[in-house]
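Peer 1: just coords:
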């Protein structure tokens, strides 16, 4: 499996952009230092998702840093395969607990694909420590705050939303055998403390995609993460 960077991770779909083009959001983010993009939509058709993914791949390629930027699709293995067939560089997929199984994704996408899995909310710490990660490259965890972008984020088995403290996130980073990216309502003010927890990255949706100036917000998020990340010993 190749190296990948999930330190600054954008999740975006047409329902999140205030009517602006998805590919423009991707362009603004990656040109300002975002290292990972996930195309996610619960309203777009398969054909629309394929087109969005191909356009995002073109934007990433135009940066000249395609080997450094990871492009993923949420949930839709069919979209990944179709976009790849059209020549798009799609690095992999992110799936949730109730989506297509990760072993199936690995079988179809190959050993070099990046596969992310949303960590289970229920009994999270035991799950992180004991889950078989042989087919998974990173965990997505959260939410840090409740978020209207994904209202079921952090939904526990009893129907309550469980948010995560910075202490929880630090413990996650210590326990997880694979990289962890944290999101869910993350805003600029959260980045300094989040960067010091030891997790591998943050993911955002509305903090960039619904901003009046997405490029400026992307730049500030990346700069803050880098400035507050402890030096590697």
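Peer 2: Done, it's in. If you're wondering where the values come from, they're calculated on a predicted model, not measured in any experiment.

Peer 1: how about residue 224, secondary structure?
Peer 2: The local conformation at residue 224, judged by DSSP: H, G, I helix; E, B strand; the rest coil, is helix.

Peer 1: nearest residue to it other than its sequence neighbours?
Peer 2: Residue nearest to residue 224 in three dimensions, not counting chain neighbours: residue 191, with 4.3 Å by C-beta to C-beta, 6 or more residues apart in numbering. In this view, the C-beta of every residue, glycine as well, is placed from N, C-alpha and C.

Peer 1: Please enumerate the strands of this protein.
Peer 2: When assigned using DSSP state E, the strands of the chain occupy the ranges 8-12, 36-39, 70-74, 92-95, 114-118, 138-141, 180-183, 201-204.

Peer 1: Tell me how many other residues surround the residue nearest to residue 224.
Peer 2: Using other C-beta atoms under 10 Å, the number of residues around residue 191 comes to 24.

Peer 1: hang on, the earlier thing: give me whichever of the strands of the chain is most buried.
Peer 2: strand 36-39 (a mean of 28; mean count of other C-beta atoms under 10 Å).

Peer 1: Mind listing residues that contact that strand?
Peer 2: 4-13, 22, 26, 29-30, 49, 52-53, 56, 60, 69-74, 79, 94, 181, 201, 203 (C-beta atoms under 8 Å, 6 or more residues apart in numbering).

Peer 1: Quick one: closest of the strands of the chain to residue 212.
Peer 2: Nearest to residue 212 among the strands of the chain is strand 201-204 (15.3 Å), distances taken as C-beta to C-beta.
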